[in-house]
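[1] Just to be clear, the model below is a prediction. Sequence and coordinates:
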Amino acid sequence: MKALIEIKDLTIGYHRKGNNNVVHEKMNGSLYSGELTCLLGPNGAGKSTLLRTLCGFQESLEGDVYIDGVSLKETSNEDLAKMISVVLTEKVNIQNITVKELVSYGRSPYTGFFGRLSEKDNILIDEAIAMVGISHMKDRMVQNLSDGERQKVMIAKALVQNTPVIFLDEPAAFLDLPSKVELMQLLHKLTMETNKVIFIVTHDLDLALQTADKIWLLANDKPLQIGVPEDLIIRDKFKGFFEREGVYFDKRTGLFKIKNKHYRKVAVSGHGFEYTLLRRALSRNGIEPVHNIDAEISIEIIQGEETKFVLSYKDEKREFTYIESVLYCLKDLQ
Amino acid sequence: MLKKRDVILLVGCCIVAIVLFVLNVAMGSVEIPLIKILDLLTGTDIDKISTNIILNSRVPQAHTAILAGAALSIGGLQMQTLFRNPLAGPSILGISSGASLGVAFVILASGSFGGMALSNLGVFGNIAITMAAFIGSISVLLFVVFLARKVRGNATLLILGIMVGYIANSVVSMLKFYSLEEDVHAYVIWGLGSFSKVSSSHMGSFSIVIILAIISSFFLIKTLNLLMLGENYARNLGVNVKRARLFIILSSGILTATVTAYCGPIIFIGLAVPHIARLVFMASDHRVLLPATALIGSCIALFCSLIARMPGFDGALPINSVTSFVGAPVVVWVLLSKKKSEIVD
């Protein structure tokens, strides 16, 4: 497979008088058409600097970015506008602009001197608006849209720019969880339908692991890691990138989990969904759930029409219907 | 592109401008009946005094108001879009302060240090003042353009421009402090602005410069539209942001410098008219906003000029006292008369 975007020995950072401020050096990697790639990494690793360099907003210190084999340094602004489109974190704040008008500015690399739209431009604009699913609001004013809807407008703008590559900088940053999931699904769908390179800088690790075709992992003082999410999980690549005090990477689920400190032990027996939830609640409260029957306190889950939690302490037994009551009881027994 | 509603509104603005122009010619402290004006237009001879008043005073004054109002409003719109700041106006980069400095040097310094009060020199003095204002504002403009090539961020440039303005103003106040009273008075009068200082002989050059500058501002429409999205989006859409910034500053600067040189520092119009245009046309597209701003600017300037020369006011009120006094309530009214849902900050 031929890479559409290639970076070779890329060193990114900022020019300073005297010495350069290097953010990350000697990076190598490729982006392929029809693949959704997510760039992950802790804060301060240089994700945004890398994206700015890839977009041509700032120059690389060393090495180069190649688009379809042509060096970024040798590509003019006008040509680049037809190769790469972007969705940025900065909020577009314009009064009195309709969704359709804003999307139409994506056509400007192709329009003439006064930005007049042709019939073909209008068709493309309507298509892009339909693709992101906001046709019903194309005449609404952008200032009255929610953050999630605005992001879709900006994605439609990137689509009408008709570029083989779309870069998105934290597109889900301001969104609530359902909108985040919806947005990632939309991007996944677009990648498959349009066969574009879609490259997303994101903080949402679990969403990225579920939707991305490839992951780029960037951290300070570590070489750039690239791979299919599952391969990276198998090789334990995430461990070193995000783990710190109180957080660990659960290979089994592919999720980061909070490491709770346990002060006591309680025997738990039972099965099913309630069992998992009870264990989670106990663990959060500093109580380690164990299988061992010798523990001073034991809890048995009895499933019936209504699930009951039976707590035994010495010779006493008590029944509860809510986990909340179980937790309060355990606190009293301390 | 232009919607039907926009076209109707633009035509409406043209009609209002024509009506205001006629009123400006017809009304003034000396009463001239409309019939006489019509006679003059059709070529019939009327008395010398009326001809003189109309052709050498009222028509040039209305003519100046139309051009100055349009020029300042376009300059203000360009600055507001470039800096994405609703409080920006055509003089935000210190260009009119530069003009003030030039004029202060000529009026104040020549009196105190040269031993002759320029304020007494009449016509020659007027030319000198125009020249000084032009040189002052163009110097500041060139300095700001030089800075614009050096600094990256727009916010930095905006602050630098404002600082240049402060420096110019402080030099002006020093000059004022050491000057003769009558010179300071002459300087203050200049600072109040006037549409009546462009004499018939200068009308040609004034008109040509302003009209050319307004026409060339239309070539920046697409750039302005894209800059609204923010610098990075604009760059990604193929705009050479640094060059665009330079052209916009030059265009706005030449419009402002020329008007300030001939009319003095006219305040308020350049700041307020773009807002009125946005509210009336409910648009953000500069293909609509630019002509709308120019036309509304002309209308407001004509209206202010009319108020300033209302019968009963002996002579003419200074134009700056009228622009704010008339313009500010207009803006407040337009803002308040909009439905709440339409005003989103």
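    Yep, that arrived. Numbers count the residues shown, from 1 in each chain, chains lettered A, B, ... in the order given.

[2] all contacts plus neighbour counts: C-alpha atoms, from now on.
    Noted.

[3] Spatially nearest residue to the closest residue to chain A within the stretch 101-250 of chain B, not counting backbone neighbours?
    Residue nearest to chain A within the stretch 101-250 of chain B (Cα to the nearest Cα): B:G238, separated by 4.5 Å. With Cα to Cα, 6 or more residues apart in numbering or on different chains as the criterion, B:G238 has its nearest non-adjacent residue at 4.5 Å, and that residue is A:E78.

[4] could you pull out the helices for chain A?
    A:47-55, A:77-80, A:99-104, A:119-131, A:147-160, A:177-194, A:205-211, A:229-234, A:237-242, A:273-284, A:323-332 (DSSP state H).

[5] buried stuff in the third one?
    If I follow you right, that is helix A:99-104. A:99-104 (16 or more other Cα atoms under 10 Å in any protein chain shown).

[6] Equivalent analysis for stretch B:203-218, please.
    B:203, B:206-207, B:210-211, B:213-214, B:217-218.

[7] Of the residues you listed, which ones also sit close to chain A?
    By Cα under 8 Å from any Cα of the partner chain, no member of the buried residues of stretch B:203-218 lies near chain A.

[8] any chance you could map the helices in the stretch 151-300 of chain B?
    Taking DSSP state H, counting those that start in this stretch to define them, one finds helices in the stretch 151-300 of chain B at B:154-177, B:181-191, B:200-217, B:221-227, B:231-236, B:241-263, B:269-281, B:286-308.

[9] For the shortest one, give me every contacting residue.
    What it means is helix B:231-236. Residues outside helix B:231-236 that contact it (Cα atoms under 8 Å, 6 or more residues apart in numbering or on different chains) are A:55, A:57, A:77, A:80-81, A:84-86, A:88, B:226-228, B:241.

[10] would you turn those residues into a markdown table with neighbour count?
    Listed next are those as a markdown table, based on neighbours: other Cα atoms under 10 Å in any protein chain shown:
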| residue | neighbour count |
| --- | --- |
| A:C55 | 23 |
| A:F57 | 14 |
| A:N77 | 20 |
| A:L80 | 21 |
| A:A81 | 26 |
| A:I84 | 22 |
| A:S85 | 27 |
| A:V86 | 27 |
| A:L88 | 18 |
| B:L226 | 27 |
| B:L227 | 23 |
| B:M228 | 22 |
| B:V241 | 19 |
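
[11] Which single one of these is nearest to B:I269?
    Among those, B:M228 lies closest to B:I269 (Cα to Cα), at 21.6 Å.

[12] Was I right to think that closest one contacts B:T81?
    Yes: using Cα atoms under 8 Å, B:M228 is in contact with B:T81, at 6.1 Å.

[13] rewinding a little: and the residue of the stretch 101-250 of chain B closest to chain A, what is it in contact with?
    Counting by Cα under 8 Å, 6+ apart, B:G238 has contacts A:77-81, A:109.

[14] pLDDT weak spots in chain A?
    By pLDDT under 70, the weakly predicted segments of chain A are A:1, A:243-245, A:253-254, A:293.

[15] In it, which residue sits closest to chain B?
    A:E78 (4.5 Å).

[16] For that residue, give its distance to B:T81.
    22 Å (Cα to Cα, to the nearest Å).

[17] who has more neighbours, those two?
    Using other Cα atoms under 10 Å in any protein chain shown, the more surrounded residue of A:E78 and B:T81 is B:T81, with 23 against 16.

[18] In what element of secondary structure is the more buried one found?
    Per DSSP states H and E: B:T81 is located in helix B:59-83.
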